[in-house]
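Chemist: Pasting the sequence and the predicted model now:
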Amino acid sequence: MRKSSSLIVALSLVASIALVGCGSNSNNANKKENGASNKVTTNEKANNAKTENKEEAKKTEFKYYTADELKEAIEKKADLLILDIQVEDEYKAHHIKGAIPTYAYPVKTDEEKAKLDSSLEKINSSKAPVVIVCPGGAGGAERTYEYLKGKNVDESRLFILEKGQKAWPHEDLLEK
């Protein structure tokens with residue numbers, strides 16, 4: 001009885017290995033017939049990675065002013081435009097002296113973007129750097145940067161105030 005049980009187990013094991021092995025070979029044969037192989041899959045992955053890298057390369061690398069750099073520029077009376085996109089209530093509560101209000105935040109809708117258009121004449125009549133101030137120094141400022149770039153403002157002039165108005169530490173340069 002032990003011999004027959006052992007024989008059945010051994011035959012089952014051999015049959016299982018044979019079926020699995022054949023299944024793998026038939027899948028590979030089908031892939032080759034359809035023009036697909038592991039190399040193609042690897043090439044497709046490489047091509048997808050290259051496409052993703054190109055898309056990342058197209059993304060804008062934003063330039064920033066720190067609060068201290070902007071403070072220094074203001075104190076030296078450097079030729080500079082400060083474009084504040086905070087909503088009106090926040091702007092009235094606190095803003096950097098000399099900032100141009102636009103009330104365009106968060107700069108997502110066409111209506112909000114149109115609010116930036118009122119500042120274009122002043123921006124285009126100058127060659128000065130433009131420092132964009134938004135509440136947190138991120139999304140709204142980046143959208144403003146992209147919008148102005150799309151309106152042919154020279155990108156070399158565009159900067160974002162790092163960490164935005166909320167992190168501005170220089171009370172002496174605020175208007176309230």
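Modeler: Structure's in. What do you need? Residues are numbered from 1 along each chain as shown.

Chemist: Let me see the ranges of the helices in this protein.
Modeler: Here the chain has its helices, by DSSP state H, at 2-33, 38-58, 67-75, 88-93, 110-124, 139-150.

Chemist: Determine the set of other helices and strands touching the fifth one.
Modeler: Using 3 or more Cβ pairs under 8 Å, 6 or more residues apart in numbering; DSSP states H and E as the contact criterion, the secondary-structure elements in contact with helix 110-124 are strand 81-84, helix 139-150. To be clear about C-beta, it is placed using only N, CA and C from the backbone, and glycine gets the same treatment.

Chemist: by how many degrees do the last one and helix 110-124 diverge?
Modeler: Translated: helix 139-150. 60 degrees (axes from the mean of the first three to the mean of the last three Cα atoms, to 10 degrees).

Chemist: what's the neighbour count on residue 67?
Modeler: 19 (other Cβ atoms under 10 Å).

Chemist: buried ones in stretch 164-171?
Modeler: 164, 165, 168 (16 or more other Cβ atoms under 10 Å).

Chemist: from those, which single one is nearest residue 94?
Modeler: Nearest to residue 94, judged by Cβ to Cβ, of the buried residues of stretch 164-171 is residue 165 at 7.0 Å.

Chemist: roughly how far apart are the closest one and residue 100?
Modeler: As judged by Cβ to Cβ, to the nearest Å, residue 165 and residue 100 stand 14 Å apart.

Chemist: what do these two both touch?
Modeler: residue 84 (Cβ atoms under 8 Å, 6 or more residues apart in numbering).

Chemist: Tell me where the model's unsure across the protein.
Modeler: 1-59 (pLDDT under 70).
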